[in-house]
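Colleague: here's a sequence, model it:
(one chain, ligands or ions: 1)
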Amino acid sequence: MGGVKIDGRGATSVPGLFAAGEVTGGLHGANRMGGNALSETVVFGARAGNSAADWAKRSGAKERRSVLRRLDERFRAFESLRRDETGLLDRIRKIMWEEGGIVRNEAGLSRALGNMRDITGSFSFSGPGNKKTLTSAQVSAIELRSAARAACLILEAAIRRVESRGSHCREDYPKRNDQQWMGHLQVCTAPYGDVWEFIAD
Ligand SMILES: Cc1cc2nc3c(=O)[nH]c(=O)nc-3n(C[C@H](O)[C@H](O)[C@H](O)COP(=O)(O)OP(=O)(O)OC[C@H]3O[C@@H](n4cnc5c(N)ncnc54)[C@H](O)[C@@H]3O)c2cc1C
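Modeller: I've put the predicted structure just below:
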């Protein structure tokens with residue numbers, strides 16, 4: 001049950017960005033009991049909403065502007081797709097459904113990762129633009145690139161964890177390995193590269 005890392009208030013590592021529910025990870029370990037997901041959305045949704053409101057009240061105009069400027073620069077960096085994006089999101093979904101699902105193995109995961117990296121290579125980075133608003137094509141490019149990037153991280157995490165745990169089944173490593181894998185695999189993405197860390201429970 002992976003996802004974005006949050007603290008008890010729903011805060012992510014991005015200042016001013018709060019998250020709750022299915023997009024977050026860490027609360028349930030490697031599996032989730034029936035009914036717990038909906039309780040989670042109610043409890044953590046309220047916490048994240050209240051925390052976001054507190055943050056907005058507490059932070060000054062300068063802090064808010066700096067967050068927006070950073071987001072804006074990041075969004076404008078993805079100006080366009082090199083080729084037509086029609087069908088790309090469906091392709092991402094199909095790859096993840098077929099090779100990155102509950103039952104997986106190294107061959108399928110590596111194949112999927114290669115295909116997903118090809119997709120991330122279809123975006124051109126034309127640098128920050130001057131336009132006041134984003135075009136719908138730019139918004140699609142941002143969403144697609146983010147989806148492909150998230151898929152790459154999920155696949156890489158699944159390749160690294162060479163055991164089966166909870167609802168994650170590796171056909172090639174069917175047994176649970178508490179000695180080496182009792183804990184969380186965390187990735188921090190940064191401009192100079194991804195930093196992977198194993199945090200033992
Ligand atoms: C088949 C199935 C059965 C389940 N059964 C149970 C159960 O019995 N008990 C239980 O506790 N849990 C169950 N779950 C899990 C539970 O439904 C989810 O964990 C919960 O709904 C997650 O809520 P959420 O608000 O975090 O995300 P979601 O419900 O996925 O809400 C995300 C929302 O964001 C919208 N969105 C996405 N992208 C964008 C975008 N770019 N811009 C604007 N909006 C966007 C989506 O349209 C959606 O409305 C089940 C899940 C599934 C799939």
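Colleague: need the residues of this structure near the ligand, please.
Modeller: Within the chain, the positions lying close to the ligand (CB under 6 Å from any ligand atom) are 21, 22, 34, 35, 36, 37, 38, 41, 143. Any C-beta I mention is one placed from the backbone N, CA and C, and that applies to glycine too.
Colleague: the fifth one and residue 21 touch, don't they?
Modeller: Right, the one you point to is residue 36. No - counting by CB atoms under 8 Å, residue 36 does not reach residue 21; the two are 11.5 Å apart.
Colleague: so for these two, which sits in the more crowded spot?
Modeller: Neighbour tally, residue 36 and residue 21, criterion other CB atoms under 10 Å: the higher count belongs to residue 21, 17 against 12.
Colleague: and the residue of the chain closest to the ligand?
Modeller: Shortest the chain-to-the ligand distance, computed as CB to the nearest ligand atom: residue-wise this is residue 21, at 2.1 Å.
Colleague: now do the helices in this protein.
Modeller: Per DSSP state H, the chain has helices spanning 36-58, 61-77, 88-99, 106-120, 136-160, 178-181. These are given in chain order.
Colleague: mean pLDDT for these: which is lowest?
Modeller: Per-segment confidence across the helices of the chain bottoms out at helix 61-77, which has a mean of 76 in mean pLDDT.
Colleague: any idea how far the residue positioned nearest the centre of the chain lies from residue 187?
Modeller: Central residue of the chain (CA atoms, centre = their mean): residue 150, 4.2 Å from the mean position. Taking CB to CB, to the nearest Å as the measure, residue 150 and residue 187 are separated by 11 Å.
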